[in-house]
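Enquirer: Give me the fold of what follows.
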Amino acid sequence: MDARTETDVAHVAAAIGDPSRAKVLLALAGGGALPASALAAEAGVSNSTISGHLAKLLDARLLTVEHDGRHRYYRLATTDVARALEQLALIARPLPVRSLNADTRAKALLRARLCYDHLAGRLGVAVMDALQENDILTAEHTGTAGATAVAYAVTPHGHQELSAFGVDPDRLPRRRTGVRYCVDWAEQRHHLAGALGAALTARMFALEWLRHGRYRRVVHLTDGGREGLATTFGVDVGQIF
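Expert: Numbers count the residues shown, from 1 in each chain. Predicted structure coming up:
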């Protein structure tokens with residue numbers, strides 16, 4: 001094989017592999033941008049140490065930096081970085097919980113969190129299930145029994161329902177795949193990703209069905225969200241919260 005066609009997986013893996021840098025990436029996995037000082041606090045290192053970690057992540061093209069006057073803010077370079085982190089979490093061992101605060105945060109992440117710009121956790125999976133059960137999304141299974149792939153598409157009925165909800169499937173950003181999925185690392189099942197997943201999540205925030213939690217990436221379902229998800233999409237949240 002021509003060496004020019006190969007990718008330097010080891011370089012990226014080494015950048016992710018340091019525990020402090022992994023914490024930086026996970027802190028940004030909710031899609032926001034943070035200054036170096038906040039990332040140092042998330043990683044548990046000093047402000048002087050974080051600069052070296054950020055330089056390695058930038059060199060590996062896992063982060064980008066934005067300038068606002070004299071301030072610098074870091075975010076994940078692409079949605080693919082968030083997807084890669086989610087996939088790595090599928091095969092990673094859970095971190096030990098050593099405090100009540102860590103236990104509270106871990107449970108909140110399992111219930112509902114952001115995977116970059118879309119909903120994940122038990123709530124995200126429940127929404128994905130409801131969209132299929134109510135004929136808004138359809139799943140087509142292809143491939144062999146040993147390597148089955150799934151492709152999701154919006155149904156004609158789903159197009160009407162989503163448009164009425166305020167998300168027009170025909171007006172999703174064309175730079176991204178409209179309907180994608182992630183295998184949720186906690187639930188080992190699919191949650192909705194792609195442009196449609198991002199648009200649905202943004203709409204839920206706009207309607208104040210969701211609000212950001214105390215911990216990064218954690219989201220909470222409001223009373224209005226409970227009623228709205230049940231009425232609009234048939235989501236049963238009783239087993240989640």
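
Enquirer: This protein: strands as residue ranges?
Expert: Secondary structure of the chain (DSSP state E): strands at 34-35, 63-68, 71-76, 113-115, 118-120, 137-144, 147-154, 180-183, 190-193, 210-212, 219-221.

Enquirer: export those to CSV and tack on mean pLDDT?
Expert: Formatted as CSV, these follow (pLDDT from 0 to 100):
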stretch, mean pLDDT
strand 34-35, 96
strand 63-68, 94
strand 71-76, 95
strand 113-115, 94
strand 118-120, 95
strand 137-144, 80
strand 147-154, 82
strand 180-183, 91
strand 190-193, 95
strand 210-212, 96
strand 219-221, 96
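
Enquirer: looking at those strands, which is buried most?
Expert: strand 118-120 (a mean of 28; mean count of other C-beta atoms under 10 Å). Using the backbone N, CA and C atoms, a C-beta is placed for each residue, glycine as well.

Enquirer: which residues are contacting it?
Expert: With contacts defined as C-beta atoms under 8 Å, 6 or more residues apart in numbering, strand 118-120 is touched by 86, 112-114, 124, 127, 182, 184, 186, 191-194, 197-198, 200-201, 204, 210, 219.

Enquirer: related to what we said a few turns ago, tell me which of the strands of the chain lies nearest to residue 17.
Expert: For residue 17, the closest of the strands of the chain is strand 63-68, at 15.3 Å, according to C-beta to C-beta.

Enquirer: how much space between the spatially most central residue of the chain and residue 107?
Expert: The centre of the chain sits closest to residue 115, judged by C-alpha atoms, centre = their mean, with a distance of 0.9 Å. Separation of residue 115 from residue 107 (C-beta to C-beta, to the nearest Å): 17 Å.

Enquirer: now swap in residue 81 and tell me
Expert: 26 Å.

Enquirer: Looking at the two, which is more packed in?
Expert: Between residue 81 and residue 107, counted using other C-beta atoms under 10 Å, residue 81 has the larger neighbour count: 23 against 11.

Enquirer: Skipping adjacent residues, who's closest to that one in space?
Expert: residue 62 (5.4 Å; C-beta to C-beta, 6 or more residues apart in numbering).

Enquirer: Could you pull up the residues touching the one you found?
Expert: For residue 62, the contacting residues are 12, 15, 16, 25, 76, 77, 81, by C-beta under 8 Å, 6+ apart.
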